[in-house]
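>>> Have a look at this fold, sequence not included:
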């Protein structure tokens, strides 16, 4: 699995206006069809796995410039359009839609167009990816949204989103199934306003610390149950807080389960963030291998946005653009050539 990156947005509530959302479905769908038609489904999945390209798409089709609703509205619009076709399927969403992923998988499996083995693999990967973003990257964001975009060959992109109710921010995580190593990060970065990282065990920098966690479990973590605080041992470490109210019964269960690898540990149901954090801190104090506390941050308008940023949506321009790209999709070579020349002008500053 390759985690391509993530982005942070302020939490906004509500829905896009109906006049805009209908056009987002049309334009987002047309853009998707053109990309898939020219470059293929896997190329399109790679695009969606790029948080900066995804954000650009959201802006281009007129949604809010920085809202948490960017994810819901853009992928919701794409889901409504794409699921009517026969190339890709989009599953999941926010809240109850996230809870309905199992039923959506069952429905796709019943169609018989995708081998059951590939569907099962994507099911398992989606759950594991959710655990990694929720429990191994402990950045203060709790997942409340998951979208799975998949083709009929077992390729997929997963977009998770978490919220931090205190800071009123949302963070979006993008994954593509091009690399099956969940724990040695290939992130492009996290685009955001604040550094909220508390612990990152999903990075290669924490590899030795993860190994120490397994050693502690095999060695029986109950022997450390009298240790109430690590602050005096680790004065130089950033914001360490090992709460002495650790669930030692849970620690005993892990010891009895005796996982041989970190992957086996992550597969244990009901493993809480606090348990993972406690094991990581104990691993550092015993073996001296510190986890990563670095937030992999990077920084991330065309028709306007729903909140008027950078300008109000111009409905006439929007409909003209929809018609322009519909002509390309229908095979109009003139419109296609104009589009390519405009792209070169935008990229290079002058036409070739």
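Structure's in. What do you need? Bear in mind that the values here come from a model prediction, so they are computed numbers and not experimental data.

>>> Next one: residue 250, what pLDDT does it get?
We have a pLDDT of 81 for residue 250.

>>> Could you double-check that it lies in contact with residue 275?
Yes. Between residue 250 and residue 275 there is a contact under CB atoms under 8 Å: 5.7 Å. For every residue, glycine as well, the C-beta is placed using N, CA and C.

>>> And these two? Which one has more around it.
residue 275 (20 against 17; other CB atoms under 10 Å).

>>> show me the contacts for that one.
Counting by CB atoms under 8 Å, 6 or more residues apart in numbering, residue 275 makes contact with 246-247, 250-251, 254.

>>> Just the element for it, please.
Element membership for residue 275 (DSSP states H and E) is helix 273-287.

>>> Which helix or strand lies directly C-terminal to that helix?
Next along the chain after helix 273-287, taking DSSP H and E as the criterion, comes helix 315-329.

>>> Show me what that following helix is packed up against.
helix 18-39, helix 333-348 (3 or more CB pairs under 8 Å, 6 or more residues apart in numbering; DSSP states H and E).

>>> angle of it against helix 333-348?
110 degrees (axes from the mean of the first three to the mean of the last three CA atoms, to 10 degrees).

>>> So which residues of the stretch 101-250 of the chain form strands?
137-138, 142-151, 156-164, 169-176, 190-191, 199-200 (DSSP state E, counting those that start in this stretch).

>>> Next, the angle strand 142-151 makes with the third one.
Counting by the same axes, to 10 degrees, strand 156-164 points 170 degrees away from the direction of strand 142-151.

>>> Pull up the pairing partners for strand 156-164, direction included.
strand 142-151 (antiparallel), strand 169-176 (antiparallel) (DSSP bridges).

>>> roughly how far out does it sit from the chain middle?
With CA atoms, centre = their mean, to the nearest Å as the basis, strand 156-164 stands 3 Å off its chain's centre.

>>> residues in contact with that strand?
By CB under 8 Å, 6+ apart, strand 156-164 touches 11, 45-46, 48-49, 54, 68, 71, 75, 94, 122, 125-126, 129-130, 133-134, 139-150, 169-177, 196.

>>> For it, buried residues please.
156-164 (16 or more other CB atoms under 10 Å).

>>> Below-threshold pLDDT in the stretch 1-150 of the chain: ranges please.
1-16, 63-68 (pLDDT under 70).

>>> Kindly apply the preceding question to the stretch 251-352 of the chain instead.
294-302, 304-311, 345-352.

>>> that older thread, what would the strands paired with strand 156-164 look like in TSV with distance to residue 324 and mean neighbour count?
Listed next are the strands paired with strand 156-164 as TSV, based on distance: least, CB to CB, whole Å; neighbours: other CB atoms under 10 Å:
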stretch	distance to residue 324	mean neighbour count
strand 142-151	25	21
strand 169-176	29	25
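
>>> Quick one: closest of these to residue 271.
The minimum distance between residue 271 and those falls on strand 142-151, with 14.7 Å, by CB to CB.

>>> The residue positioned nearest the centre of the chain pairs with what?
Centre of the chain computed as the mean C-alpha position; nearest residue by CA atoms, centre = their mean is residue 173, 2.3 Å away. On the basis of DSSP bridges, residue 173 is bridged to residue 6, residue 160.

>>> just residue 156 next, same as before
The residues that residue 156 bridges to, once DSSP bridges is applied, are residue 150.

>>> quick one: it and residue 42, what's the gap?
When distance is defined by CB to CB, to the nearest Å, residue 156 is 10 Å away from residue 42.

>>> before we move on, which element is the spatially closest residue to residue 36 that is not a sequence neighbour in?
Take residue 36 and drop its neighbours on the chain: the residue closest to it by CB to CB, 6 or more residues apart in numbering is residue 44, 5.0 Å away. Secondary structure assigned from DSSP H and E places residue 44 in helix 41-48.

>>> Next, the buried residues of that helix.
Quick answer for helix 41-48 (16+ other CB under 10 Å): 41-42, 44-48.

>>> which helices and strands does that helix pack with?
Using 3+ CB pairs under 8 Å, 6+ apart, helix 41-48 sits against helix 18-39, helix 51-60, strand 88-94, strand 142-151, strand 156-164, strand 169-176.

>>> relative to helix 18-39, how tilted is it?
Using the same axes, to 10 degrees: helix 41-48 against helix 18-39 is 130 degrees.

>>> show me what contacts residue 292?
Counting by CB under 8 Å, 6+ apart, residue 292 has contacts 199-201, 203, 205-206.

>>> wait, I meant residue 117
Per CB under 8 Å, 6+ apart, neighbours of residue 117: none.

>>> quick one: it and residue 100, what's the gap?
Counting by CB to CB, the gap from residue 117 to residue 100 is 23 Å.

>>> Hmm, residue 144 is touching residue 94, no?
Yes. The pair residue 144 and residue 94 passes the contact test of CB under 8 Å, sitting 6.4 Å apart.
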